[in-house]
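A.B. asks: I'll drop the sequence and a predicted model, then ask my questions.
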Amino acid sequence: MKPETVFVDTNLFLRYLTNDVPEQADAVERLLRRAMAGEVHLLTNELVIAEIVWTLESFYKQSRKDIMDKVLAILNTPGLEVANGTVVLQAIVWYMEKNVDFIDAYNGAWILAQGLHAVYTFDRKHFPRLEGLRTFMPGE
């Protein structure tokens, strides 16, 4: 029998990754163990990952390296699926290596995943750092 698929929200990941509420972190760990055992299939999306990145960066003041490690752990958790996981993977690598905002990195990775190679933007800071993208301003 196929396990039920259940969506996992941002706050569960944050409790687990920060352990700021130990009882909740323990409950999330038990849920992740159930997923690893195939008892439940967990699903989350790229907006949850973006919220995790933003919260860890802005509220918890964690380094980009620590944030990348945490996102990679999420992406590599058996029984847990991240929608557009390959795009999220490229985004978190660019976020770290190119020092760009996660959302810009995600959008760049998404653009390339769509088979596109150009973007109109007024952002001359982040998009030009992403390999494979050409940036244009309207009117150019």
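C.D. replies: Structure received.
A.B. asks: and the helix or strand where residue 73 lies, what does it pack onto?
C.D. replies: In the assignment (DSSP states H and E), residue 73 maps to helix 64-75. The contact analysis (3 or more C-beta pairs under 8 Å, 6 or more residues apart in numbering; DSSP states H and E) places helix 64-75 against helix 46-58, strand 80-82, helix 85-97. Quick note: C-beta positions are derived from backbone N, CA and C, even for glycine.
A.B. asks: how about that helix: buried residues?
C.D. replies: 64, 67, 68, 70, 71, 74, 75 (16 or more other C-beta atoms under 10 Å).
A.B. asks: how much space separates the closest residue to residue 79 other than its chain neighbours from residue 107?
C.D. replies: Nearest non-adjacent residue to residue 79, counting by C-beta to C-beta, 6 or more residues apart in numbering: residue 35, 2.9 Å away. For residue 35, the distance to residue 107 (C-beta to C-beta, to the nearest Å) stands at 29 Å.
A.B. asks: what do you get for residue 113?
C.D. replies: 10 Å.
A.B. asks: got a list of what residue 82 touches?
C.D. replies: 43, 44, 45, 46, 49, 74, 75, 88 (C-beta atoms under 8 Å, 6 or more residues apart in numbering).
A.B. asks: if you set the cut-off to 10 Å instead, what comes out?
C.D. replies: Going by C-beta atoms under 10 Å, 6 or more residues apart in numbering, residue 82 touches 8, 42-46, 48-49, 71, 74-76, 88-89.
A.B. asks: any idea how far residue 11 is from residue 82?
C.D. replies: For residue 82, the distance to residue 11 - C-beta to C-beta - is 16 Å.
A.B. asks: neighbour-wise, which of residue 113 and residue 107 wins?
C.D. replies: Neighbours were counted for residue 113 and for residue 107 using other C-beta atoms under 10 Å; residue 107 has more, 21 against 12.
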